[in-house]
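>>> Provided below for reference: sequence and predicted model.
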Amino acid sequence: MIRLSRERMVRLAGVFREARDRRRARRQERRLRDRRDGAVPEGMAPLRIATWNIHSSVGTDARFDPARIAEVIRSLDVDVIALQEVGWHHRGEIGLDQFAFLAEATGMSAYAGPTKHNPRAHYGNCILSRLPLIAFHPFDISVGPHREPRGAVEAVVEAGGHPVRVIAAHLGLDPWERAQQVERILAEVDGKPGLPTVFMGDLNEWTRNSPRLRRLAQAFEDVASPRSFHARLPTLRLDRIYVRHAHLAAFEVIRTKATRHASDHLPVRAVIGVGAVPLPRPSEAAGEDRHPSSARSR
């Protein structure tokens, strides 16, 4: 039998308490990063937004069901949603224009930026909006001839009388590829420096404090980054919403029976405030030329 002195037992008990406190602190930190419940400041116009990688409308149950995707989008009740992996290539029903289908099924306008648009694929990013459109600009962020084509879509919409720029993108799989894509997106953002801006999408960033996330944290004032992947057991913060010259009041990941089955990612929803009110820089901010093919559907 091993006998411990009283002093050593007290010391071990202190070690265990410290480890327990660290675990509790980490859980609390994760909860704070997964959800925010705040209000839009008085004098600012609210804008409800979301981002979602819909996996070509193929769910975790292997069913191709774009109607289920449309039902989830309607239930989110947002003004603007950024979608990634819209359409078909090696998944989904060949020949179905998912951009047009989702526009009709949701009653929103679709601003499409296909990254693959040929007889074998019709696939890419999309912004669905119910707000008046001021400008639309898809742009290429592909890196090299041997990587998967990547793109971003930029829409300037009117929210409460204020122009708001929304950029949606799906970044690449390699860190060096994402680094170049982040710089291209920030160059677009800096082209209109005073415009309230939302950048959102599937960033494919698996680590918490990568150089790409630190770069984005320098350029934007706040970020929503709840755990959204995998839909059945969300542990990774791949889907993010960044804001600049706007107030990120609230955000959450939408985890329901429908969202767990509709795609391998969960939707991330947020409420922001836009307007001329001076904006505080939130302490919670995490540290983490034109595309040839585009379409609008209604």
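Sure thing, it's come through.

>>> helix/strand/coil for the residue nearest to residue 102 when sequence neighbours are not counted?
Distances taken as Cβ to Cβ, 6 or more residues apart in numbering place residue 70 nearest to residue 102, at 5.6 Å, with adjacent residues excluded. C-beta here means a position set from N, CA and C on the backbone, and glycine is covered the same way. Here residue 70 is recorded as helix under DSSP: H, G, I helix; E, B strand; the rest coil.

>>> could you check the pLDDT of residue 70?
Confidence at residue 70, expressed as pLDDT, is 98.

>>> that one and residue 78, how far apart?
13 Å (Cβ to Cβ, to the nearest Å).

>>> could I get the contacting residues of the residue nearest to residue 102?
Listed by Cβ atoms under 8 Å, 6 or more residues apart in numbering, the contact set of residue 70 reads 101-102, 105-106.

>>> now with 6 Å?
102, 105-106 (Cβ atoms under 6 Å, 6 or more residues apart in numbering).

>>> just those: which are in helices?
Counting by DSSP state H, those place 102, 105-106 in helices.

>>> among the residues you listed, which one has the most neighbours?
residue 102 (25 neighbours; other Cβ atoms under 10 Å).

>>> beyond the helix or strand harbouring residue 10, next helix or strand please.
Element membership of residue 10 [criterion: DSSP states H and E] is helix 6-34. Next helix or strand after helix 6-34 toward the C-terminus (DSSP H and E): strand 35-36.

>>> against which helices or strands is that next one packed?
Other elements packing on strand 35-36 under the criterion 3 or more Cβ pairs under 6 Å, 6 or more residues apart in numbering; DSSP states H and E are strand 247-253.

>>> pLDDT on the strand it packs on, on average?
Averaged across strand 247-253, the pLDDT comes to 98.

>>> what is the mean pLDDT for the helix or strand that comes right after it?
Downstream of strand 247-253, the next assigned helix or strand under DSSP H and E is helix 257-262. For helix 257-262, mean pLDDT rounds to 98.

>>> and residue 153, helix, strand or coil?
Following three-state DSSP, the label given to residue 153 is strand.

>>> hang on, it packs against residue 126?
No. Residue 153 is beyond contact range of residue 126, at 7.0 Å (criterion: Cβ atoms under 6 Å).

>>> show me where the chain has its helices.
Applying DSSP H to the chain gives helices spanning 6-34, 66-76, 98-106, 175-190, 211-219, 257-262.

>>> enumerate every residue touching residue 235.
When contacts are counted by Cβ under 6 Å, 6+ apart, residue 235 touches residue 227.

>>> any idea how far residue 262 is from it?
Separation of residue 235 from residue 262 (Cβ to Cβ): 19 Å.

>>> in the stretch 151-298 of the chain, where is pLDDT below threshold?
276-298 (pLDDT under 70).

>>> if I pick residue 169, what's in contact with it?
For residue 169, the contact set (Cβ under 6 Å, 6+ apart) comprises 152, 201.

>>> now the contacts of residue 70 in CSV, with distance to residue 15?
Output for the contacts of residue 70, formatted as CSV (distance: Cβ to Cβ, whole Å):
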residue, distance to residue 15
102, 55
105, 57
106, 55
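
>>> from the residues you listed, pick the one nearest residue 157.
residue 106 (15.6 Å; Cβ to Cβ).

>>> state the distance from the closest one to residue 189.
Distance, residue 106 to residue 189, by Cβ to Cβ: 27 Å.

>>> swap in residue 216?
Here residue 216 is placed at a distance of 10 Å from residue 189 (Cβ to Cβ).

>>> re the thing from before, and the gap between the residue nearest to residue 102 and residue 6?
In terms of Cβ to Cβ, residue 70 sits 67 Å off from residue 6.
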